[in-house]
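**Student:** Have a look at this prediction, sequence included:
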Amino acid sequence: MAETSIRDALAGAVAPDTPVTVQGWVRTRRDSKAGFSFIQLNDGSCLDNLQLVADKEMPGYQDRILRLTAGCAIRCHGTLTESKGRGQSFEVQATEIEVLGWVENPDTYPVQPKRHSFEFLRTVAHLRPRTNTFGAITRIRHGAAKAIHDYFHTKGFYWVNTPIITSSDAEGAGELFRVSTLDLNNLPRDDQQQVDFKRDFFGQETFLTVSGQLNVEAFCLAMSKVYTFGPTFRAENSNTARHLAEFWMIEPEIAFADLDDLAALAEDFLKSVFTDVLKHHADDMAFFAERIEPTAISRLESLINSPFVRMDYAEAIRILENSGKTFEYKPEWGLDLQTEHERYLTEQHCQAPVIVMNYPDEIKAFYMRLNDDNNTVAAMDVLAPGIGEIIGGSQREERLDILTNRMQAEGLDPEHYGWFLDLRKYGTVPHAGFGLGFERLLNYITGMTNIRDVIPYPRTPGSAPF
RNA sequence: UCCCCGGUAGCUCAGUUGGUUAGAGCGGGUGACUGUUAAUCACUAGGUCGUUGGUUCGAAUCCAUCCCGGGGAGCCA
């Protein structure tokens, strides 16, 4: 007989009064000396537990069932029946329970049927998926990833797997992880006594990628609509609830497109992904709204139903200057928007998601397209109420001479980017793309406040256990 | 990296004018009781008070150091 998932059992996918086999991990056990024990079983297939009813007459009741504690792995054969008690519609009348794995020392099993702090659960990252919260996060993370792939697939995008190991330090030095097989205790030296990376594995210096953008642009200028979705690495020593040294990023890139097209894509993308998650993960989202963040669902619905407001950076500065509000950092043309500025724009002034466009060129990256005013670039940030910046993107500079000038102005050597410049020599077209941190998106969806709790194994400065 | 806060039982925490055997709830064990819902009740076991050093007759408590965690800032996604 095939095993039934707890999700199917509770959803009524199995006819009542038919034999079933379920398996999973015990959450709690409650005994009645009058005749039976109740076992709450979870297998990760859904948030809810399945209740097993074990009669004292069944085999092994005294020496096995009464020894079950939280965390034990069992397989239960029985009959799915409508529950006689309140709290669940279906339960299983067990006829036999096999114990596949005992808990060696129940006294110190870390995951107890009670509230744990997220700080503690991080220290047992290998066991925290057994909690309600991390089970729900795991399902939502999967569901959001699927929603993202589905969205792009439906829109005719191709998923491009850009390299993890790269030789180009796209966004400046000092923030990359070096990849090397050299013996740190015996480094090869050249004539100048510098480390000789020609002797390294790849014959040159290599690093973990900080962005797949440059690589995916090449595929954009052939496949028209592409995206990356993969791990990204930053060696920045920043210890905050919003930063990871290893995180996942989504970077769509569209050809024959300008900044307005990109803004439209960003809005449609966010609304579509949120709609999909709310639809397919209603029970997990209800859990987050009940236990983690009361507005978890309502704020997503609100964003889905609000037209995004678009404004130029210059207008944003004017609004902030005329707001009559005192900011810690005074808004001024030429300076980047602070978190407090972004929050004012999206939460108070517009009370809707805002797309700020056309920033001063000095505060943005070299690859962003210079506007006709020679003063601003076609960059955009999507700001959402309650979270601030959620997406950053730009139309790319497709003109060879201007791109080369901007690289040199930022101290980058065009010779290192020959292949990137080729794209502007051979059939260049206007194109644009944005980047979105997957874990930040998950924080926004779930209402979890620390980014270390929405990735299975967080890597942060000074910490890479498991 | 900077500023602030914290580290006491498996977990969540209480415990300073420095003073004999460091407490509670939950969890574990034992028993009672009940179609139970993080059940309830009783009993019980369980801690070299983050590390190292110092002050003192005496340190969980005071000082220094380091480690780890949290919040905020900067940077960003």
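**Tutor:** Great, that's in hand.

**Student:** And the residue of the stretch 51-200 of chain A that's closest to RNA strand B?
**Tutor:** A:Gly85 (2.4 Å; CB to the nearest atom of the strand). Glycine gets a C-beta too; all of them are placed from N, C-alpha and C.

**Student:** Whether the helix or strand harbouring A:Leu121 contacts RNA strand B - can you check?
**Tutor:** Element membership for A:Leu121 (DSSP states H and E) is helix A:118-123. Yes: under the criterion of CB under 7 Å from any atom of the strand, RNA strand B is reached by helix A:118-123 at A:119-120, A:122.

**Student:** before we move on, the earlier item: ok, the residue of the stretch 51-200 of chain A closest to RNA strand B - contacts?
**Tutor:** A:51, A:91 (CB atoms under 8 Å, 6 or more residues apart in numbering).

**Student:** Give the helix, strand or coil label for it.
**Tutor:** With DSSP: H, G, I helix; E, B strand; the rest coil as the basis, A:Gly85 sits in coil.

**Student:** same check, this time on the one 3 residues further on
**Tutor:** Assigned state for A:Gln88: coil (three-state reduction, three-state DSSP).

**Student:** which residues pair with the nearest residue to it once chain neighbours are set aside across the strands?
**Tutor:** Distance criterion CB to CB, 6 or more residues apart in numbering; nearest residue to A:Gln88, sequence neighbours excluded, is A:Gln51 at 5.5 Å. For A:Gln51, the beta-bridge partners are A:Gln40, A:Glu91 (DSSP bridges).

**Student:** Using JSON lines, please lay out the residues of helix A:118-123 next to RNA strand B together with distance to A:Arg75.
**Tutor:** Listed next are these as JSON lines, based on distance: CB to CB, whole Å:
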{"residue": "A:Glu119", "distance to A:Arg75": "34"}
{"residue": "A:Phe120", "distance to A:Arg75": "30"}
{"residue": "A:Arg122", "distance to A:Arg75": "31"}
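
**Student:** which residues of the stretch 351-466 of chain A fall in strands?
**Tutor:** Along the stretch 351-466 of chain A, counting by DSSP state E, counting those that start in this stretch, strands occupy A:354-360, A:376-384, A:388-395, A:431-437.

**Student:** among the helices and strands of chain A, which has the poorest mean pLDDT?
**Tutor:** helix A:339-343 (a mean of 83; mean pLDDT, DSSP states H and E).

**Student:** Could you export that one as PDB, CA atoms only?
**Tutor:** Only the C-alpha atoms of helix A:339-343 are listed here, as PDB (Å, rounded to 0.1, in the frame of the first residue of the first chain):
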ATOM      1  CA  THR A 339      15.800  54.800   4.200                       C
ATOM      2  CA  GLU A 340      13.800  57.600   5.900                       C
ATOM      3  CA  HIS A 341      13.300  59.400   2.600                       C
ATOM      4  CA  GLU A 342      12.100  56.200   0.900                       C
ATOM      5  CA  ARG A 343       9.700  55.400   3.700                       C
END
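
**Student:** Buried ones in that helix, by neighbour count?
**Tutor:** For helix A:339-343, a neighbour-count test (16 or more other CB atoms under 10 Å) marks A:341-343 as buried.
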